[in-house]
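Q: Have a look; sequence and predicted model below, questions after that.
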Amino acid sequence: MSYSANEPSSRTKWGAGTVVILYAIVTLMPLLWIVATGFKTSEDAIAYPPKVFFEPTAEGYVNLFTTRTRVNNEDLANLEPAKTWYEQLVRDRGQVIAGPSRYSERFLNSIIIGFGSTALCMLLGTAAAYAFSRFRVPLKDDLLFFILSTRMMPPIAVAIPIFLMFKNLGLSDTHLGMILLYTAVNLSLSVWLLKGFIDEIPVEYEEAALIDGYTRFQAFYKVVLPQAATGIASTAIFCLIFAWNEYAFAVLLTSGTAQTAPPFIPTIIGVGGKDWPAVAAGATLFLMPVMVFTIVLRKHLLRGITFGAVRK
Amino acid sequence: MAQIRIEQVKKEFGDFTAVQSSTFTIEDGEFFMLLGPSGCGKTTTLRMMAGLELPTSGQIYIDNMEVGQKPASQRDIAFVFQMFALYPHLNVGKNIAYPLKSQGVSRSEVKRRVNEVARILDIEDLLNTPVGGLSGGDRQRVALGRAIVREPKAFFMDEPLGALDAEFRERMADELRALHDRINATTVYVTHDQLEAMQMGDKIVVMNHGVVEQFGVPQDIYDWPATMFVGSFLGSPPMNFLQCNSTVKSGTSSIQLGDVSIGIPTQIDSLSGELALGVRPEHVRLDDNAPLRGVVTAIEYFGTTQIVTVKTEFGEVKARVASNIDVVANTNTGLELNAQTLSIFDSNTGSVLRSTANERVLAHG
């Protein structure tokens, strides 16, 4: 067997493959552990040595979505028979359901704020990137540097001024406030990434559209946007991941109405002992939207990462 | 179809003047070449005609309508870009149909015209394929299709053959010219290739440093360059210039090169000082008895002809002579110049002096 000069030997390929698989196992292990823990009982979750094989139960998920009170055995026996399977599950543990938990509410907040800020960020970012890429903007380089400079320190460094500002503007604990905050933090990333993508699109396409009788906006909308889709998709994923996972500002600025899931999940621990399965269930569900979003856009993401690496 | 008039058009980018006060007219149905080296302002001129750049000052008339400050979409023209600019997210048929869609042409009419254009360009079987995998020639045809489908007033082409390989260029050049002859639309074509310009153009404008150097039919420009730049830019090898400090007077028909007197067309302008005698390589003959002497320094063989480089005291002269003439390197030889083809230039300004021979050409250039 012979190999061309730039084709790695099969031994190299095997070696590389092994490294990749090992790395995947290492990174996926905590994830698998969380998913598994979500289906364990509280006892199994803290068993030592850890249980790899266990009997799955929906207890964690039931606990995640409910608040419960402990009752003594006589009262439990006097109750009417449980109407649903999850009510039965709770009673088997000597508890009754007192009401729904606030998890779904927090989850919805995360969706509104995460996707809202991502959408706003894409809208503003694409418009700004297009302008920077195509037009003669006065002080362009300085403006771009200024935009980039907002990321030169961790955003949380300005937590106190932002806290005071939000308080005075009445933005504390509002969806709008959090959307604006995450948009502001993500905007520099999206402007710079999108500018790179739009720079790669030859200006001739728009000029062709202008000549073909379209207005500047139509040319942007019908010719530039479809070609920038890759870049917009991958930038959107980055923005969503940040807004979705953000914890520090969420703790600081939200408590009631606009609290997102990240600050809520740890509070589950405090309700009725160390309920690790419920925490794990909450974390598992919390991972889903970003995962789905990323899988839906994965083709774009892969192309997005390599986009512009090679001059065609 | 339309006449295009450029009047004193000027374009500045900040401190840089890309085009300085150009004036020329492109007649209805002409295949018109904008020729010049890169950075000479030819593309900027074309883009101003198309409305992709707005002139700093001056007027542009298309079909007797002043359009200088109007956006491209209102000029009813078509543009073929060097890299074709086919919309990558649309297939061939949709690319060609795109200009019609902006005009709100009915679906059946769009279909009919796209099919007709595809038939003219012989790309009917490609209509449903994506543009990504097309060969250079097919891309070129699709770009042309998108241009002609709308039946615009004029076609503007920015080095449309530049992206093709040499072999294919010839064929596309022929196709382009044939297409033009069939639909007879005013076409403005930018190129830096002087051969392409002479081969395809009805008329040529030669530009340099943002200035129109000369304007006319290819043969006039080739035979009677208005400036030394035009003489050296057109032709391969370019025009030879013999530098001398001499005098020409109105009515004279010879020039003194040192001790040698050379016959020239009867002069109209008079000038004394640094002059350059311009002669095309094909108008130089090797003649051992001629008084203008030089030493053969190089011989390049080109099949039926050969280019002989002769070093004289007035500068190097390249002569294009038949291959069957024996030439020996490093020997002394005489040069006979064809008197009726010579031009005298003012070395300082580069412009030609008028003679009875080039007067006609310069009058409208």
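A: All right, it came through fine.
Q: which parts of the stretch 101-250 of chain B sit against chain A?
A: Of all the residues in the stretch 101-250 of chain B, those in contact range of chain A (Cβ under 8 Å from any Cβ of the partner chain) are B:Ser102, B:Gln103, B:Arg146, B:Arg150. For every residue, glycine as well, the C-beta is placed using N, CA and C.
Q: can you pick the most crowded of the residues you listed?
A: Looking at those with neighbours defined as other Cβ atoms under 10 Å in any protein chain shown, the largest count falls to B:Arg146 at 28 neighbours.
Q: Name the nearest residue to that one, ignoring sequence neighbours.
A: Spatially, and ignoring its direct neighbours in sequence, B:Arg146 is nearest to B:Ile96 (5.1 Å; Cβ to Cβ, 6 or more residues apart in numbering or on different chains).
Q: With secondary structure added, can I get the residues of the stretch 101-250 of chain B next to chain A in TSV?
A: Formatted as TSV, the entries for those read as follows, by DSSP: H, G, I helix; E, B strand; the rest coil:
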residue	secondary structure
B:Ser102	helix
B:Gln103	coil
B:Arg146	helix
B:Arg150	coil
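Q: Of those residues, which pair is most distant in space?
A: Greatest spatial distance among those (Cβ to Cβ): B:Gln103 and B:Arg146, at 13.3 Å.
Q: picking up where we left off before, so can I have a markdown table of the residues of the stretch 101-250 of chain B next to chain A showing pLDDT?
A: Rendered in a markdown table, the data for these read as follows (pLDDT from 0 to 100):
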| residue | pLDDT |
| --- | --- |
| B:Ser102 | 85 |
| B:Gln103 | 84 |
| B:Arg146 | 90 |
| B:Arg150 | 85 |
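Q: Kindly indicate which of the residues you listed lies nearest B:Leu164.
A: When these are compared for distance to B:Leu164, the smallest value, 17.2 Å, is given by B:Arg146; criterion: Cβ to Cβ.
Q: what's near enough to touch the closest residue to chain A within the stretch 101-250 of chain B?
A: Ranking the residues of the stretch 101-250 of chain B by distance to chain A (Cβ to the nearest Cβ) places B:Ser102 first, at 3.6 Å. For B:Ser102, the contacting residues are A:Asp212, A:Gly213, A:Tyr214, A:Gln218, B:Ser73, taking Cβ atoms under 8 Å, 6 or more residues apart in numbering or on different chains as the criterion.
Q: Which secondary structure state does the fourth one sit in?
A: Right, A:Gln218. The three-state label for A:Gln218, taken from three-state DSSP, comes out as helix.
Q: Just the local confidence number for it, please.
A: According to the model's per-residue confidence, A:Gln218 sits at a pLDDT of 90.
Q: For it, which non-adjacent residue is spatially closest?
A: If the residues on either side of it in the chain are set aside, A:Gln218 comes closest to A:Ala209, at 6.9 Å by Cβ to Cβ, 6+ apart.
Q: Next: A:Leu194.
A: Taking Cβ to Cβ, 6+ apart as the measure, A:Leu194 lies nearest to A:Ala129, with 3.6 Å between them; neighbours along the chain are not counted.
Q: any idea which element the one you found lies in?
A: A:Ala129 is located in helix A:103-134, with elements delineated by DSSP states H and E.
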